[in-house]
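# Need a 3D model of the sequence below.
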Amino acid sequence: MKVFNTKSKKEPDLPKGRFDGDYLKSWLEPLEKEPISRFEFFTLKGDASDRSYFRVNYFLKSRPTEASSLIVMQLKEAGSEKEPDFNRMQKFLKHLDMPVPEILYYDAERGLLFLEDGGDTHLEDITRSSPDNILLWYQKAIELIVAMQTRVTKNMQPHCPAYALKFDVEKLMSEMDFMIKYYLKGFLKCGLNQNEESKIRTALLGLCETLAGEERVFVHRDFHSRNLLIRDNNLLLIDFQDARMGPRQYDLASLLKDSYVVLSKETRNELLSYYLQRMEEEEGQPIAHSPFLKIFDLMSIQRNLKAIGTFAFQYMEHKNERYLEYLAPTLQHIQDTIYSQPDLEPLGNILKQVIPGLNPDNGSRATWP
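The predicted structure is shown next:
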């Protein structure tokens, strides 16, 4: 599920997609146990997804001026999934008391999923509107990571879609090949010959092999400021259908090296310390900080490279320019990381040969220690 802010215009849309007011009344009135007088439909801004999203405001006849609301997720194709991974994952997480939206109704034939409306306020919005509270809210986000890595991981069952999926070498490397195709060759128009591409892939393969060798836990896979909603002074977890098993550092890197919200180095380090402290408390044993943080850096490089591949894909394939502004902060994350420790210099040298934004000669002050 991806829930984003509604359009800036205040007027509602006409009914969209595979549903209308009469259809909604057919199942919503029995659920509410009273008639509905009218509806308002709003198109929501989706993310890099093949699903469509809508907000529906509805007014009960007993309360004609008081709107209730729900979210409609329209799957890519009608009748394609008897039970989507989103539904299976939601049931699994809900059973483990994770904060996820309720599923109100699923129409498999029409490919429509009706969800509890978690509102429009994301963690990203809080960082803009209440910067003094960033630490508090990010600690809440880390508590969710801790819960996923302990309670959810320990209760993993074969019926959970994440059970059989993992970040192995093949999966991690496929994301790097995606980046090479759409960012290096597509967006940057790098004319790589076979030897040059082989050199890049070899370096990235070593990175992926190291990450794939780590202990695996349940990871959300897209745990960032736009997939955490604020509701009743707590966080609501969305867009979890692609979860799989991966390194402990994966979700942490997604959150702290986010393309949409750039945290200060001091804040990031404080949050890393908070995570390590909480995990040591939960697991009852110390964590070797230095090796953990080294993998965190490697994971953040892979994750950020994957992100720029996605942003480039959206532009190259769908002419979607809305992610181009996030290329610079994402590249800065990568640059800061590869220049943070000497043993990343070989990888950094290879990457900066093909990605100008990583070269300190382009205005950055970064240097290796």
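# all strands for the stretch 101-250 of the chain, in order.
103-107, 112-116, 216-219, 228-231, 234-237, 244-247 (DSSP state E, counting those that start in this stretch).
# So which of those strands is nearest Glu321?
With C-beta to C-beta as the criterion, Glu321 lies closest to strand 228-231 of the strands of the stretch 101-250 of the chain, at 25.0 Å. From N, CA and C alone the C-beta is placed, and that goes for glycine too.
# who's in contact with the closest one?
3, 118-119, 121-123, 125-126, 137, 141, 144, 235-238 (C-beta atoms under 8 Å, 6 or more residues apart in numbering).
# buried residues in stretch 39-57?
Neighbour counts over stretch 39-57 (16 or more other C-beta atoms under 10 Å) mark 39-42, 44, 47, 51-56 as buried.
# dump the residue contacts of the closest residue to Ser68 other than its chain neighbours.
Among residues not flanking Ser68 along the chain, Tyr58 sits closest, at 5.6 Å (C-beta to C-beta, 6 or more residues apart in numbering). Residues counted as contacts of Tyr58 (C-beta under 8 Å, 6+ apart) are 24, 28, 36, 38-40, 67-70.
# 7 Å - rerun?
When contacts are counted by C-beta atoms under 7 Å, 6 or more residues apart in numbering, Tyr58 touches 28, 36, 39, 68.
# Can you tell me the element the last one falls in?
In this structure, Ser68 is located in strand 67-74 according to DSSP states H and E.
# what mean pLDDT does that strand have?
The average pLDDT within strand 67-74 is 94.
# Quick one, which of the contacts of Tyr58 are buried?
Of the contacts of Tyr58, these count as buried by 16+ other C-beta under 10 Å: 28, 36, 39.
# could the residues you listed go into TSV alongside secondary structure and pLDDT?
As requested, these are arranged in TSV below (DSSP: H, G, I helix; E, B strand; the rest coil; pLDDT from 0 to 100):
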residue	secondary structure	pLDDT
Leu28	helix	96
Ile36	strand	96
Phe39	strand	94
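# wait, which of those is closest to Met98?
Leu28 (26.2 Å).
# For the closest one, which residues are in contact?
Counting by C-beta under 7 Å, 6+ apart, Leu28 has contacts 36, 58.
# how close does it get to Asn269?
48 Å (C-beta to C-beta, to the nearest Å).
# Repeat that for Asn234.
25 Å.
# Kindly report the same for Ala164.
Counting by C-beta to C-beta - Ala164 and Asn269 are separated by 36 Å.
# neighbour count winner among those two?
Asn269 (13 against 9; other C-beta atoms under 10 Å).
# Helix or strand: which one has the more buried one?
Going by DSSP H and E, Asn269 is in helix 265-283.
# Can you list the buried residues in that helix?
268, 271-272, 274-276, 278-279.
# Of these, just say which sits nearest to Ile334.
Distances from Ile334 to the buried residues of helix 265-283, taken by C-beta to C-beta, are shortest for Arg268, at 14.6 Å.
# hang on, that closest one packs against Asp258?
No - look at Arg268 against Asp258 with C-beta atoms under 7 Å: they stay out of range, at 10.1 Å.
# Could you find the closest non-adjacent residue to the residue nearest the centre of the chain?
What sits nearest the mean C-alpha location of the chain, by C-alpha atoms, centre = their mean, is Asp222, with 2.3 Å. With sequence-adjacent residues excluded and distances taken as C-beta to C-beta, 6+ apart, Asp222 is closest to Asp239, at 5.5 Å.
# Around that neighbour, how many other residues sit close by?
Asp239 has 20 nearby residues by other C-beta under 10 Å.
# Start at 189, not 1
With the count now opening at 189, the last piece we talked about shows up as Asp427.
# quick one: it from Pro530, how far?
37 Å.
# Over to Leu323?
Leu323 is 31 Å from Pro530, by C-beta to C-beta.
# ok and the helix or strand harbouring Pro479 relative to helix 453-471, angle-wise?
Counting by DSSP H and E, the element that carries Pro479 is helix 477-506. In terms of direction (axes from the mean of the first three to the mean of the last three C-alpha atoms, to 10 degrees), helix 477-506 departs from helix 453-471 by 110 degrees.
# low-confidence ranges in this structure?
189-204, 234-237, 549-557 (pLDDT under 70).
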